[in-house]
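> For reference, the sequence and a predicted model appear below.
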Protein chains: 2
Amino acid sequence: VTSAIEAAFKGIRAAVGPKGIVDDAQEIERYVTETRGMYRGQTGLVVRPASTSEVAEVVRLAGEARLPIVPQGGNTGLCGGGVPQDDRSIVLSLGRMNRIRNIHPADFSITVEAGCILAEIQKAAETVDRLFPLSLGAEGSCQIGGNLSTNAGGIGVLHYGNTRDLCLGLEVVLPDGQIWDGLGALRKDNTGYDLKQLFIGAEGTLGIITAATLKLFPRPREVETAFLALAKASDAMELFARARAASGDQLTAFELIPRRGLEFAARHVAGIVDPLDRPHAWYALIDVSSSRPESNLRASLEAFLGEVVEAGLIADGVVAASAQQSQQLWRIREAMVEAQKYEGGSIKHDVSVAVSRVAECIERLTAAVEARIPDCRPLAFGHVGDGNIHFNVSEPARDNYKREPATTKAFLTRRTELNDIVHGIVAQMGGSISAEHGIGILKRDELPRYKPAVALELMRAVKRALDPDDIMNPGKIITLNEPKAEARPRRRAR
Amino acid sequence: VTSAIEAAFKGIRAAVGPKGIVDDAQEIERYVTETRGMYRGQTGLVVRPASTSEVAEVVRLAGEARLPIVPQGGNTGLCGGGVPQDDRSIVLSLGRMNRIRNIHPADFSITVEAGCILAEIQKAAETVDRLFPLSLGAEGSCQIGGNLSTNAGGIGVLHYGNTRDLCLGLEVVLPDGQIWDGLGALRKDNTGYDLKQLFIGAEGTLGIITAATLKLFPRPREVETAFLALAKASDAMELFARARAASGDQLTAFELIPRRGLEFAARHVAGIVDPLDRPHAWYALIDVSSSRPESNLRASLEAFLGEVVEAGLIADGVVAASAQQSQQLWRIREAMVEAQKYEGGSIKHDVSVAVSRVAECIERLTAAVEARIPDCRPLAFGHVGDGNIHFNVSEPARDNYKREPATTKAFLTRRTELNDIVHGIVAQMGGSISAEHGIGILKRDELPRYKPAVALELMRAVKRALDPDDIMNPGKIITLNEPKAEARPRRRAR
């Protein structure tokens, strides 16, 4: 670290004051380590500004010294997008900017600062009898700035859309330190380019989102949950199509769970039991919701289930009798993800294809990875209605994961090999190698193999236009110097 | 026209062949004249390429000679975005590219070429039992490429979103003649910047949309239409809030119509009669829809209407007894727009505010324009649920519009004056001076007064990055050289 950098750090320290600086080494560790422990980065300074103008001042000072800035929310990202990569890098945590600036039930809108925790926004909406529908595993710790910057998905996308679709306006600190105030609850505004779209999903590479106006929705008055047994994945597709039509657009969640997922969950997570008497190959976990009270959802759900049982589409199933039972069923979905880590190493994929091809995709992926690594254990689950499959491959079963970590390590060295197989098939099917998690550094060097060169050039043109000095989260999503198409994903040293 | 330009035109003629050229002077007139006759432009060449590769070749050749290209769909835009501005300009009409490339009911998606007429896409969706919900006055002649380029709104936005929200993927010819293929039916794809967002709503200034994959929806099985009488505009807001809550998200249209609009329509359009016995100050025209058959919509609508009559919110109303009656009620909405031209000159505005402030906005605008021009006749109608008000001001009533066109002309000279009043109030209220029509040339020079300089700078940075030679529809939305904030909207000579 040269004295010029030291001088810049000093200026930035002064700009945010002592409360805005993290100096404790152990605490700093939290800002340089990725949530799954896949990456450990390096930083020269961790700042936690308290206001948009402080963020702007930090960016301005960093820009003068051409120091990289890595914006960070709850640091729950799964692609290393929040990992700082050298000791010149400044981690800019938005966590102190956690005010709800206003909430307007009549406009179905809320304006929040980037550091607001997702669950807090959900709660705030509920207090005014509204719904903020973004919902995902990390909701207790992820921050809305990160959700916006990664265009987070989750279980509500089917009915309510991705985070992008939930955003009405943004406030952003630009790479030159200027503040763009694009907040506001307008549902329609065709006055030129829709600038907020640039920053949503850009993983902090074009600017720092400091606040957002978000859409709220009528709060559901009735929610019915069903857990349904299916013989094969393709039956889930048929069930989905029928449920969507029969529900009159009130199908608000449709999750596919494989038998293996239920077994993992029941084996490792307290309180998880198979809600059905006999084992089945697949399960669909569905919610239907209505914001109209007395909409008689349960009766129509039961009538619908009668029809699909009749048609031989589902073998068995249970409808939650209470909100508590509904939570228990949903707990299976969450526990499955949690349980995987007790089953040894796992190589994860977050892919999407056209909705109608989900079952075919699962079949092809399963066959391909089992052909390459016999006894590996694919766990294919996800948001069927969005065409989004989480295709996680656990290492072959054994009873000594902890005693023989070398075996797990050996399995995990095959990550690139499996990634190539899975992403290759998905690309052939016209799908995406990152449905909802983003690119970060994890998939950056793989992206050029699947994305047309002209698309990458367009991204670089936008990046250069907004951030010519490449100070905003450099090296995430794309590098400004085109990498070779053959380049392999790199894994950073621990 | 110099010989270099002639040479470029010659090359472009050869690239598209004789069928791709419009040489008839009368026919050319259609491509240089704006739909309301507000602008008459100039062009050197009108081409109608038959394929994406022909579009690319035209753009490449035009780019080499740095000739402006003005993409044009159905030429139904209301802001002059499709008007070519000099004899070097090439009008590139997408009308021959009108194939539906594919339609996938199971994926709820359709891929269409830019020149497809909106009504044809609606029909194609219907044939596979699906709904394409974009719906607006010009649907019989506007083309989807233009709808996307202007992010068109219309009456379905409340439930289904703007055109932007209906787009899954795009194919675009870039300013350098490269083709970006971003088509596909993926519902989730977080592999970098969402490039399609750049081109949607960009009015052809960043590239030419040649095809799009669009979202389809379950086709409504039941639609109920009601025409309700209200004492004041603010009652419409209350009615909207209640209807949204009571309908369980099945409210699919909510249009506000003033008494004056009904009178205009009844006076000038055959077959329009007041469906109610006595006059009322305001009307709400609403649709509730369900994709579930036997959803008993009519009974719930009637129960709801009983409640709001009880609450004194509506004074009278009628529920359509048949699809034909529903069409008749909707015909009032369309006829009102049509009828305005028979009431003399009219100065139009397309503004939006937060939904909760619509009534306040209408009151303030009405008071302000009536204070400035006594006896002028404001007609405020629109998509209340989107916060979108069409605030059109007709000249004072008289019985000799045709015999004394000079009076109309004199009224229309006050356009800028009224624009300033209306847009000034809307801006004060945090609203937009163009909710759904776009900027084009009509509002370009006004925009800098209402949009933060940093937003305009961002737009210019994006424009320069993608189109450094400024050949794509130059001078629309923004100029690359910043105009003075005091600049007034210019009206082109006829």
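Great, that's in hand. Numbers count the residues shown, from 1 in each chain, chains lettered A, B, ... in the order given.
> burial measure for residue A:481, as a count.
Residues within reach of residue A:481, counting by other CB atoms under 10 Å in any protein chain shown, total 7. (Each C-beta comes from the backbone N, C-alpha and C, glycine too.)
> That one and chain B, how far apart?
Going from residue A:481 to chain B by CB to the nearest CB, to the nearest Å gives 16 Å.
> which secondary structure element contains that residue?
Taking DSSP states H and E as the criterion, no element holds residue A:481; it sits outside all helices and strands.
> Enumerate the residues of the stretch 1-150 of chain A near chain B.
Proximity of the stretch 1-150 of chain A to chain B is assessed by CB under 8 Å from any CB of the partner chain, with A:104, A:106, A:107, A:108, A:109, A:150 identified as the residues in range.
> out of the residues you listed, what pair is the most spread apart?
Among these, the pair separated by the greatest distance (CB to CB) is A:106 and A:150, at 30.2 Å.
> Of those two, give the one with the bigger neighbour count.
Shown here are residue A:106 and residue A:150; by other CB under 10 Å, residue A:150 has more neighbours (30 against 15).
> all helices of the stretch 51-200 of chain A, in order?
When assigned using DSSP state H, counting those that start in this stretch, the helices of the stretch 51-200 of chain A occupy the ranges A:52-64, A:118-127, A:144-149, A:157-160, A:196-199.
> quick one: which of the ones you listed is nearest residue B:405?
Set against residue B:405 and scored by CB to CB, the helices of the stretch 51-200 of chain A come closest in helix A:196-199, at 44.7 Å.
> And the contacts of the closest one?
By CB atoms under 8 Å, 6 or more residues apart in numbering or on different chains, the list of residues contacting helix A:196-199 from outside reads A:148-149, A:164, A:167, A:169-170, A:172, A:182, A:206-207, A:209, A:462, A:466, B:193-194, B:197-198, B:458, B:462.
> Of the residues of the stretch 1-150 of chain A next to chain B, which belong to strands?
Counting by DSSP state E, the members of the residues of the stretch 1-150 of chain A next to chain B that fall within strands are A:104, A:109.
> which residues touch residue A:228?
Residues near residue A:228 by CB under 8 Å, 6+ apart: A:239, A:283, A:284, A:285, A:286, A:305, A:308, A:314, A:316, A:317.
> Please pick the buried ones from those residues.
Under a neighbour-count criterion of 16 or more other CB atoms under 10 Å in any protein chain shown, the subset of the contacts of residue A:228 counted as buried comprises A:239, A:283, A:284, A:285, A:286, A:305, A:308, A:314, A:317.
> picking up where we left off before, buried deepest among the helices of the stretch 51-200 of chain A, which one?
For these, average neighbour numbers computed from mean count of other CB atoms under 10 Å in any protein chain shown are highest in helix A:144-149, which has a mean of 30.
> May I have it as PDB, with CA atoms only?
What follows is the C-alpha trace of helix A:144-149 in PDB, where atoms were taken according to Å, rounded to 0.1, in the frame of the first residue of the first chain:
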ATOM      1  CA  ILE A 144     -32.400  -5.000  -0.400                       C
ATOM      2  CA  GLY A 145     -29.500  -3.300  -2.100                       C
ATOM      3  CA  GLY A 146     -28.000  -6.700  -2.800                       C
ATOM      4  CA  ASN A 147     -31.300  -8.100  -3.800                       C
ATOM      5  CA  LEU A 148     -31.600  -5.300  -6.400                       C
ATOM      6  CA  SER A 149     -28.000  -5.500  -7.500                       C
END
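> Show the end-to-end separation of stretch A:173-181, please.
Across stretch A:173-181, the straight-line distance between its terminal residues is 9 Å, by CA to CA, to the nearest Å.
> Next, the buried residues of it.
Under the neighbour-count criterion of 16+ other CB under 10 Å, stretch A:173-181 has A:173, A:174, A:175, A:176, A:177, A:178, A:179, A:180 buried.
> Filter the residues you listed down to the ones in strands?
Per DSSP E, strands hold the following members of the buried residues of stretch A:173-181: A:173, A:179, A:180.
> which one of the residues you listed is nearest chain B?
residue A:180 (4.9 Å; CB to the nearest CB).
> And residue A:456, which helix or strand is it part of?
Under the criterion DSSP H and E, the helix or strand holding residue A:456 is helix A:453-466.
> any idea of the mean pLDDT for that helix?
If you average the pLDDT over helix A:453-466, you get 98.
> Just the buried positions in that helix, please.
Residues of helix A:453-466 classed as buried by neighbour count (16+ other CB under 10 Å): A:454, A:455, A:456, A:457, A:458, A:459, A:460, A:461, A:462, A:463, A:465, A:466.
> got a markdown table for those, with distance to chain B too?
A markdown table is the format used below for these (distance: CB to the nearest CB, whole Å):
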| residue | distance to chain B |
| --- | --- |
| A:454 | 5 |
| A:455 | 6 |
| A:456 | 8 |
| A:457 | 8 |
| A:458 | 5 |
| A:459 | 5 |
| A:460 | 9 |
| A:461 | 4 |
| A:462 | 6 |
| A:463 | 8 |
| A:465 | 3 |
| A:466 | 6 |
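> Can you flag the weakest of the helices of the stretch 51-200 of chain A by average pLDDT?
For these, where the average pLDDT is lowest is helix A:157-160, sitting at a mean of 94.
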